[in-house]
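**Student:** sequence and predicted model, in that order:
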Amino acid sequence: MNKILEVENLVFKYEKESDVNQLNGVSFSVQKGEWLSIIGKNGSGKSTTARLIDGLFEEFEGTVKIDGESLTAENVWQLRQKIGMVFQNPDNQFVGATVEDDVAFGMENQGIPRDEMLKRVDEALLAVNMLDFKTREPARLSGGQKQRVAVAGIIALRPEIIILDESTSMLDPTGRAEIMRVIHDIKEKYHLTVLSITHDLDEAASSDRVLVMRAGEIIKEAAPAELFATSENMVELGLDVPFSSNLMKDLRANGFDLPQKYLSETELVELLAENLRK
């Protein structure tokens, strides 16, 4: 597989005179088509890392390579077209009077021909199950619907990488599940690479690989099954324990014979359903 994103020894501080670095030598890479999650408590540096990758901060030490090309002040606008970023609050991304206007906005800025633009608007809204809402005002949508429209606006631009920056943190559990389902679907359909910045461990559990950050550094890298294998590991890393891990612990205490490895919520539901059918 090809590396589509390479981050090498990133060092960053918000104020030049400050003695405190928000990032201290962060390095990692992401393979094309991979889903990588970065988790950690507030202030760990995960969102700062995402913003540096998207070229939102100019002055930093280290290197960010997107599809083999180093990010610079000269090429930031060109390379940014390879990245779509979905933020925590979808209201901050809305600029159009209607849903279809909003999805079209980014394409208008890129000078995409009108016929192609209209086609992409419908395709993107269909992909996130919002085509029936294209003439609605964004303000009248639910939180989950707004976030789906924000995702549509990104995928209409045909990026190679989608960065989800705490993009489900303001949603209820149903809304979070809907957005994650949509992202998984469009990742497969458009062969996207996904970088998820999150504190939701159940969200991170569905990724291919997880990085744990603390105080501006990466302190752990592992597959979800390895990272969430025991509650003790999570406590040592200063993190909460995923819901399914706690549930498995309670089920074992009540006599259920379950494997010792970590299971996601979906895998646990499937296992319990299979046992009940026996």
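**Tutor:** Nice, thanks for sending it over.
**Student:** so what's the residue count around Ile66?
**Tutor:** Neighbour count of Ile66, defined by other Cβ atoms under 10 Å: 24. (C-beta placed from N, C-alpha, C; glycine too.)
**Student:** helices of this structure, residue ranges please.
**Tutor:** Along the chain, counting by DSSP state H, helices occupy 46-53, 76-80, 99-109, 114-127, 143-155, 173-190, 201-204, 224-227, 231-236, 243-253, 265-277.
**Student:** just send those helices back as a markdown table, with mean pLDDT, mean neighbour count and distance to Thr135 too.
**Tutor:** Output for these, formatted as a markdown table (pLDDT from 0 to 100; neighbours: other Cβ atoms under 10 Å; distance: least, Cβ to Cβ, whole Å):
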| stretch | mean pLDDT | mean neighbour count | distance to Thr135 |
| --- | --- | --- | --- |
| helix 46-53 | 92 | 23 | 32 |
| helix 76-80 | 90 | 15 | 30 |
| helix 99-109 | 90 | 20 | 7 |
| helix 114-127 | 92 | 16 | 11 |
| helix 143-155 | 88 | 24 | 12 |
| helix 173-190 | 84 | 16 | 21 |
| helix 201-204 | 82 | 22 | 31 |
| helix 224-227 | 83 | 18 | 40 |
| helix 231-236 | 66 | 14 | 46 |
| helix 243-253 | 82 | 15 | 38 |
| helix 265-277 | 81 | 12 | 35 |
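**Student:** in JSON lines: these, plus distance to Gln31.
**Tutor:** Shown next, in JSON lines, are the helices of the chain (distance: least, Cβ to Cβ, whole Å):
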{"stretch": "helix 46-53", "distance to Gln31": "15"}
{"stretch": "helix 76-80", "distance to Gln31": "18"}
{"stretch": "helix 99-109", "distance to Gln31": "26"}
{"stretch": "helix 114-127", "distance to Gln31": "23"}
{"stretch": "helix 143-155", "distance to Gln31": "20"}
{"stretch": "helix 173-190", "distance to Gln31": "13"}
{"stretch": "helix 201-204", "distance to Gln31": "17"}
{"stretch": "helix 224-227", "distance to Gln31": "16"}
{"stretch": "helix 231-236", "distance to Gln31": "24"}
{"stretch": "helix 243-253", "distance to Gln31": "26"}
{"stretch": "helix 265-277", "distance to Gln31": "23"}
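**Student:** which residue is most remote from the mean position of this structure?
**Tutor:** Here the chain reaches farthest from its C-alpha mean at Lys278, the gap being 38.0 Å by Cα atoms, centre = their mean.
**Student:** confidence score at that one?
**Tutor:** Note on Lys278: pLDDT of 70.
**Student:** Ser27 now?
**Tutor:** As predicted, Ser27 sits at a pLDDT of 96.
**Student:** check Val210 too.
**Tutor:** 93.
**Student:** what's near enough to touch it?
**Tutor:** Listed by Cβ atoms under 8 Å, 6 or more residues apart in numbering, the contact partners of Val210 are Leu36, Ser37, Ile38, Ile39, Ala204, Lys220, Glu221, Ala222, Ala223, Pro224, Leu227.
**Student:** neighbour-wise, which of the residues you listed leads?
**Tutor:** Ile38 (27 neighbours).
**Student:** isn't that one up against Asp200?
**Tutor:** No - taking Cβ atoms under 8 Å as the definition, Ile38 is not a contact partner of Asp200, at 11.9 Å.
**Student:** beta partners for the residue nearest the centre of the chain?
**Tutor:** Closest residue to the average C-alpha location of the chain: Ser196 at 2.3 Å, with Cα atoms, centre = their mean. Beta-bridge pairing of Ser196 under DSSP bridges involves Ser37, Leu164.
**Student:** correct me, but it touches Asp208?
**Tutor:** No - in this structure Ser196 lies outside contact range of Asp208 using Cβ under 8 Å: 10.5 Å.
**Student:** what residue, apart from its backbone neighbours, is nearest Ile53 spatially?
**Tutor:** Val64 (5.6 Å; Cβ to Cβ, 6 or more residues apart in numbering).
**Student:** with Trp77 instead?
**Tutor:** Nearest non-adjacent residue to Trp77, counting by Cβ to Cβ, 6+ apart: Gly55, 8.0 Å away.
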